[in-house]
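Novice: Mind looking at a prediction? Sequence and model below.
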Amino acid sequence: MRPAGSLRTRGLIVRTVDGGVTWSGLISERFTRFTHISMATTKIGWVAGEGGGRRVLKTVDGGRTWSTQFLPRGARANDADAANPTAAFVAGKGGVYPVHGLVARTVDGGAHWVRVW
């Protein structure tokens, strides 16, 4: 049995700013595992993962901090793809049944996400 709050039950994002000499990490209180990260620039990017419900995370400072964004109702993203600093796509599951696929996009930096499939 794992102790409550152990690292095994939390998602972890690590970042480096010196080519991998040193690393710093951010432990998620909500996500249990991050499955994909996509950076549009060195500063702006999105991450998707498991256990976050209909959430994805966005950074605007190169991964120092992450803010929560909400996907359409019923969506569960496990992949993120940043097209540019304001447009991104996520793929995963959505709908009444877990087998239904989902693609959602934002064109305003994540303020609004719309299901496109």
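Specialist: Looks like it came in fine. Numbering: from 1, shown residues only.
Novice: Now do stretch 44-56: distance to the chain's middle.
Specialist: With C-alpha atoms, centre = their mean, to the nearest Å as the basis, stretch 44-56 stands 2 Å off its chain's centre.
Novice: Excluding its own residues, what touches the helix or strand Phe34 falls within? List them.
Specialist: Element membership of Phe34, judged by DSSP states H and E, is strand 33-39. The contact list for strand 33-39, computed with C-beta atoms under 8 Å, 6 or more residues apart in numbering, reads 11-13, 28, 45-51, 78-82, 88. Backbone N, C-alpha and C define where each C-beta goes, glycine included.
Novice: Now restrict those to buried residues only.
Specialist: Buried subset of those (neighbour count, 16 or more other C-beta atoms under 10 Å): 11, 13, 28, 45-49, 78-82, 88.
Novice: now, among those, which is nearest to Thr22?
Specialist: Proximity of those to Thr22 (C-beta to C-beta) peaks at Ile13, which lies at 15.2 Å.
Novice: SS state for the residue nearest to the closest one when sequence neighbours are not counted?
Specialist: Excluding its sequence neighbours, the residue lying closest to Ile13 (C-beta to C-beta, 6 or more residues apart in numbering) is Leu26, at 4.7 Å. Using DSSP: H, G, I helix; E, B strand; the rest coil, the structure places Leu26 in strand.
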